[in-house]
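Participant: When you get a sec, could you give me coordinates for this:
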Amino acid sequence: MKAIFYCLTLLFFVQLHAQIEVEAEKFPFNQIVEWKNNGSLLVSSDPKDKVRDVEIVLFDNSGELNWRKLIYPSHSKPSIIVSESSNYIYFIDHFKVENNKFSYIQINRSGSVVSTNFDLLKVVRSYGYTIPNELVVEEVVNTPKALVFHFTLEVKDKNIIENFFVTITHHNNRMYHSQGKNTHPDFVADGKEGLFNYAGSDEENIYFSRLIKQGGKHRVHFYPITPKAKQGNEYSFSLGTDFNPIYSEIINHNLCGSYYQKVLNKKVIERFGVGLYANNRFYYVANDETDKCVKIFGADQDGEIDVLNECNNPADKSRKYNAKIKWIDCLNRVLILSEIEGKTNVYSEYNSKIEHYKSKNLNLNILQINPSRPSLENKSTNFVHLVGDKTYSFDLNQLGQSKKVVFNEQ
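Facilitator: Coordinates of the predicted model:
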């Protein structure tokens, strides 16, 4: 009888007519993120930052509370690294190397928690260095088979920047690493060489890319590594003599390391454009000064490199352009958003085709935490949770207000 009473007092949610309630144990929920094909992750922590434990609840797509876990990060509000292509989620305290190590917390689909770190001294020693604490975290991405890191190390006496790639395979948390090609700051300043950026991944490879200018022509290079950090054969294509890019802020709007570096540490990434890999195809996206709109380069139906989109909503001419390129994975497609002097265009890479997406209601901040909304058109700012064929909505204003939150059937 006592056991039954105890279970009832710890009942995590109740379903009443067209409502589902989910309750936190200690503190109000302050974050909600969809984990595609698994459900909604609700996060609660001490709003006063006095208690370090963080509660994670997985509310699944059958309408059940799948599991409830406590993690103990060194900071009370760790950043969640999640991907629709991965069965693991990660929490990172802050994006720095401390005492030669990088720490993280992993949770798999069944709720098993691993809190661990990896030794970066071993990594840099492999390449002749002994200063791992000077590594800079450029990117952290959650790919199908591994958590992937891109670190840079400035070597002033050689006037180079080293690029290191570290992978952590999901199923056993083993570390692998490789050294990428050097970056030369002088070449970067002269526009002859670009910095690396994460481009995309599939089951077999993780791709990084950068732009190189040789003989007056720009060429984008894609560098693959496996989930065990083994380097493969690079792929590249020329952007032609008419390539005239606008220097733009590049934002990977997925819940990844570079996004958190921008939000938490105000780190701005600026490039001539960004290389992307999706659906076994390679693209280069750049805001173009000649036509004052975004151009997406890639192989056409004949295999020739061409501009794959039409110029829509061109910007007005300016002496100095304020421009951005944002991209996000959503509904098995990649959405690309260009902004030039306040003029916005959205394109979708879907089934290996580029389509102009005519929408004035596209809210990337909502799609970032809720990628599988029934419609990409964000008619409200509510979070959507699917239970079978029923749609429930969650008012984001509830976050931080109460330990109990309510999902209402639409």
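Participant: all contacts plus neighbour counts: C-alpha atoms, from now on.
Facilitator: Noted.
Participant: What distance do you get for residue 328 to residue 210?
Facilitator: Per C-alpha to C-alpha, to the nearest Å, residue 328 is found 19 Å from residue 210.
Participant: neighbour-wise, which of those two wins?
Facilitator: residue 210 (24 against 20; other C-alpha atoms under 10 Å).
Participant: Give the next helix or strand downstream of the one helix or strand the more buried one maps to.
Facilitator: Per DSSP states H and E, residue 210 falls inside strand 206-214. Under the assignment DSSP H and E, the closest C-terminal helix or strand after strand 206-214 is strand 217-225.
Participant: And the contacts of that following strand?
Facilitator: Outside strand 217-225, the residues that touch it by C-alpha atoms under 8 Å, 6 or more residues apart in numbering are 199, 205-213, 231-241, 243, 275, 284.
Participant: Recalculate using a threshold of 7 Å.
Facilitator: Outside strand 217-225, the residues within contact range by C-alpha atoms under 7 Å, 6 or more residues apart in numbering are 205-213, 231-241.
Participant: Name the residues of whichever helix or strand comes after it that are buried.
Facilitator: Using DSSP H and E, the next helix or strand after strand 217-225 towards the C-terminus is strand 235-238. By neighbour count on 16 or more other C-alpha atoms under 10 Å, the buried set for strand 235-238 is 237-238.
Participant: strand partners of strand 235-238, parallel vs antiparallel please.
Facilitator: Strand 235-238 pairs in its sheet with strand 217-225 (antiparallel), by DSSP bridges.
Participant: angle of the strand it pairs with against strand 206-214?
Facilitator: 160 degrees (axes from the mean of the first three to the mean of the last three C-alpha atoms, to 10 degrees).
Participant: what's the weakest-modelled helix or strand in this protein?
Facilitator: Every helix and strand of the chain was ranked by mean pLDDT, DSSP states H and E. The lowest is helix 2-9, at a mean of 43.
Participant: Helices along the protein, start to end?
Facilitator: For the chain, applying DSSP state H gives helices covering 2-9, 120-125, 185-189, 257-265, 364-369.
Participant: Turn those into a markdown table, including mean neighbour count and distance to residue 305.
Facilitator: Output for the helices of the chain, formatted as a markdown table (neighbours: other C-alpha atoms under 10 Å; distance: least, C-alpha to C-alpha, whole Å):
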| stretch | mean neighbour count | distance to residue 305 |
| --- | --- | --- |
| helix 2-9 | 9 | 62 |
| helix 120-125 | 18 | 38 |
| helix 185-189 | 14 | 25 |
| helix 257-265 | 18 | 29 |
| helix 364-369 | 19 | 29 |
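Participant: so which of those gets nearest residue 68?
Facilitator: Residue 68 lies closest, by C-alpha to C-alpha, to one member of the helices of the chain: helix 2-9, at 14.1 Å.
Participant: circling back: what about the strand holding residue 210, average pLDDT?
Facilitator: For strand 206-214, mean pLDDT rounds to 96.
Participant: Counting by contacts, list what that strand packs against.
Facilitator: Judged by 3 or more C-alpha pairs under 7 Å, 6 or more residues apart in numbering; DSSP states H and E, strand 206-214 is in contact with strand 197-201, strand 217-225.
Participant: closest one to residue 337 among these?
Facilitator: The nearest among the helices and strands packed on strand 206-214, by C-alpha to C-alpha, is strand 197-201 at 15.3 Å.
Participant: ok, and what's touching that closest one?
Facilitator: 143, 206-210, 275-278.
Participant: Only alpha carbons, please: show stretch 100-117 as PDB.
Facilitator: Extracted C-alpha coordinates of stretch 100-117, given in PDB (Å, rounded to 0.1, in the frame of the first residue of the first chain):
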ATOM      1  CA  ASN A 100      44.400  19.500 -20.500                       C
ATOM      2  CA  LYS A 101      40.900  18.000 -20.600                       C
ATOM      3  CA  PHE A 102      37.500  18.500 -22.100                       C
ATOM      4  CA  SER A 103      34.500  17.400 -20.200                       C
ATOM      5  CA  TYR A 104      31.000  16.400 -21.300                       C
ATOM      6  CA  ILE A 105      27.900  14.400 -20.200                       C
ATOM      7  CA  GLN A 106      26.300  11.900 -22.500                       C
ATOM      8  CA  ILE A 107      22.800  10.500 -22.300                       C
ATOM      9  CA  ASN A 108      21.600   7.800 -24.700                       C
ATOM     10  CA  ARG A 109      18.000   7.000 -25.900                       C
ATOM     11  CA  SER A 110      17.300   4.600 -23.000                       C
ATOM     12  CA  GLY A 111      18.500   7.300 -20.400                       C
ATOM     13  CA  SER A 112      21.900   5.900 -19.500                       C
ATOM     14  CA  VAL A 113      24.200   8.700 -18.300                       C
ATOM     15  CA  VAL A 114      28.000   8.900 -18.800                       C
ATOM     16  CA  SER A 115      29.900  11.800 -17.300                       C
ATOM     17  CA  THR A 116      33.500  11.800 -18.600                       C
ATOM     18  CA  ASN A 117      36.300  13.700 -20.300                       C
END
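Participant: Please shift the residue numbers so they start at 200 in all later answers.
Facilitator: Will do, 200 is the new start, and the previous item becomes stretch 299-316.
Participant: and that stretch, which residues are buried?
Facilitator: Buried-residue list, stretch 299-316, by 16+ other C-alpha under 10 Å: 299-306, 310, 312.
Participant: among those residues, which two are most distant?
Facilitator: The most widely separated members of those are 299 and 310, with 28.7 Å between them, by C-alpha to C-alpha.
Participant: Counting neighbours, what do you get for residue 364?
Facilitator: Neighbour tally, residue 364, other C-alpha under 10 Å: 22.
Participant: Quick check: bridge partners of it?
Facilitator: Beta bridges link residue 364 to residue 349, residue 377, judged by DSSP bridges.
Participant: which residues in the stretch 200-349 of the chain form strands?
Facilitator: Using DSSP state E, counting those that start in this stretch, the strands found in the stretch 200-349 of the chain span residues 212-215, 218-222, 228-234, 238-243, 253-259, 264-270, 278-280, 287-291, 300-307, 312-318, 335-341, 345-354.
Participant: Now render these as JSON lines, adding distance to residue 592 and mean pLDDT.
Facilitator: Supplementary listing: those in JSON lines, determined by distance: least, C-alpha to C-alpha, whole Å; pLDDT from 0 to 100:
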{"stretch": "strand 212-215", "distance to residue 592": "14", "mean pLDDT": "47"}
{"stretch": "strand 218-222", "distance to residue 592": "10", "mean pLDDT": "91"}
{"stretch": "strand 228-234", "distance to residue 592": "12", "mean pLDDT": "95"}
{"stretch": "strand 238-243", "distance to residue 592": "11", "mean pLDDT": "96"}
{"stretch": "strand 253-259", "distance to residue 592": "13", "mean pLDDT": "95"}
{"stretch": "strand 264-270", "distance to residue 592": "16", "mean pLDDT": "95"}
{"stretch": "strand 278-280", "distance to residue 592": "22", "mean pLDDT": "97"}
{"stretch": "strand 287-291", "distance to residue 592": "23", "mean pLDDT": "97"}
{"stretch": "strand 300-307", "distance to residue 592": "25", "mean pLDDT": "96"}
{"stretch": "strand 312-318", "distance to residue 592": "29", "mean pLDDT": "97"}
{"stretch": "strand 335-341", "distance to residue 592": "27", "mean pLDDT": "98"}
{"stretch": "strand 345-354", "distance to residue 592": "31", "mean pLDDT": "98"}
